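below is the sequence, then the predicted model.
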Amino acid sequence: MKIAFTWDYELFFGEKSGTVQQCMIQPTKDLLDIAERHQAKFTFFPDAGYLLHAKKQEDASTDLKMVVEQIKAWDRMGHETGLHIHPHWEDVVYENKEWKHNTSRYKLSDFKEADVDSIIHRYFQEVQQLISSPINSFRAGGWCVQPFSNLRAAFLSLGISTDSSVFYGGKNTNAPYNYDFTNAPNSSSWSFDKDILIENNNGNFLELPITSLRYSPLFFWRLFLLGRWNPIRHKPIGNGVPTSGGGSKKVLLSRYNTFCLSADGYFISQLEHAVKQAKKEKKRHLVVIGHPKACTLYSLEKLDLFMSKHKDEIEFVSLNQLK
């Protein structure tokens, strides 16, 4: 079996974006140390909008330099870099050394077609110039990859052939999000063309979906209680505030919910269950999503232990190595 750990490398987009040092640099350094220890390859999706817009702010130059150096470092180490777009950076304001995020245009579908093409090309070039390997994978900010037809032409022109934004059964129409994967194929991968949810063996693109899981209310009770009882181990290393719209605590604590298989915080506790389920279903690989900003001391420790335990039976690979 193969497992691809994929990391969305970014700040927070709520009322407080957090610092580059705590949200990106330090937790990613810890992740790279773990990868090196276990000879694993990760896929990183750096927030291209941050790179582009931080260049315009003199006060952000020190932070930007650290981020650029880290991206170049993981590229030299052989990790994959994909394109990650949060287009709301087009409306960002920088005040008193802090980013003020306006998420009224949070997804590419909130922009005109010509603007979408411009954003994709500009953001792509901003990341590609930093790395030696060609970018061919994409993850939409906030999983908002629909409608894919708006992205198709730009991806073809840039050589982006793989998406990893979908997770089976996922749905969120609470603003600023808008995605619906309830009709996605229940498969580890599929080819597609204009519609990301319709298999097309002659399609130009490959979907490597994030593995999905059903989470019980009990899981979220434990998650919230652990955060209160032992915040040192279970509080995110990142020091920002998440975007609103992710779902209410009442819903999470009262019914089953479908979410991604994640390496964030207490979510990493479900990895063993996911592996057992995958073996039972004879799946050849899993794709795990994570965010350095959401790593905790607990999740980093569990990731290290998981890799050590399974290193002889599982390959820890980049998305490109799943094709």
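Arrived safely, thanks for sending. Numbers count the residues shown, from 1 in each chain.

quick one: residues contacting the spatially closest residue to G82 that is not a sequence neighbour.
Nearest residue to G82, sequence neighbours excluded (Cβ to Cβ, 6 or more residues apart in numbering): S137, at 3.8 Å. For every residue, glycine as well, the C-beta is placed using N, CA and C. Residues in contact with S137 (Cβ atoms under 8 Å, 6 or more residues apart in numbering) are 43, 45, 80, 82-83, 160-164, 208, 319-320.

how about a cut-off of 6 Å?
G82, T162, L319 (Cβ atoms under 6 Å, 6 or more residues apart in numbering).

dihedrals phi and psi, the residue lying closest to the second one once chain neighbours are set aside?
The shortest distance from T162 to any residue that is not its chain neighbour, by Cβ to Cβ, 6+ apart, is 4.3 Å, and that residue is S137. Geometry field for S137 lists phi and psi as phi -120, psi 160, criterion degrees, to the nearest 10.

now S137: how far from P231?
The spacing between S137 and P231, counted by Cβ to Cβ, to the nearest Å, is 35 Å.

same thing with H53?
Going from H53 to P231 by Cβ to Cβ gives 32 Å.

comparing these two, which shows the higher neighbour count?
H53 (18 against 11; other Cβ atoms under 10 Å).

just the pLDDT for the residue nearest to the more buried one when sequence neighbours are not counted.
Counting by Cβ to Cβ, 6+ apart, W89 is the residue found nearest to H53 once chain neighbours are left out, at 5.1 Å. As predicted, W89 sits at a pLDDT of 98.

my guess is W89 meets G49, correct?
Yes - in this structure W89 lies within contact range of G49 using Cβ atoms under 6 Å: 2.9 Å.

residues contacting stretch 246-266, please?
Applying Cβ under 6 Å, 6+ apart, the external contacts of stretch 246-266 come out as 167, 169-170, 210-217, 220, 223, 226, 274, 288-291, 294, 296, 299.

buried subset of the residues you listed?
The neighbour-count test (16 or more other Cβ atoms under 10 Å) marks 167, 170, 210-213, 215, 220, 223, 226, 274, 288-291, 294, 296, 299 as buried among the contacts of stretch 246-266.

now, which of the residues you listed lie within strands?
Among the buried ones among the contacts of stretch 246-266, the members falling in strands (DSSP state E) are S212, L213, Y215, V288, I289, G290.
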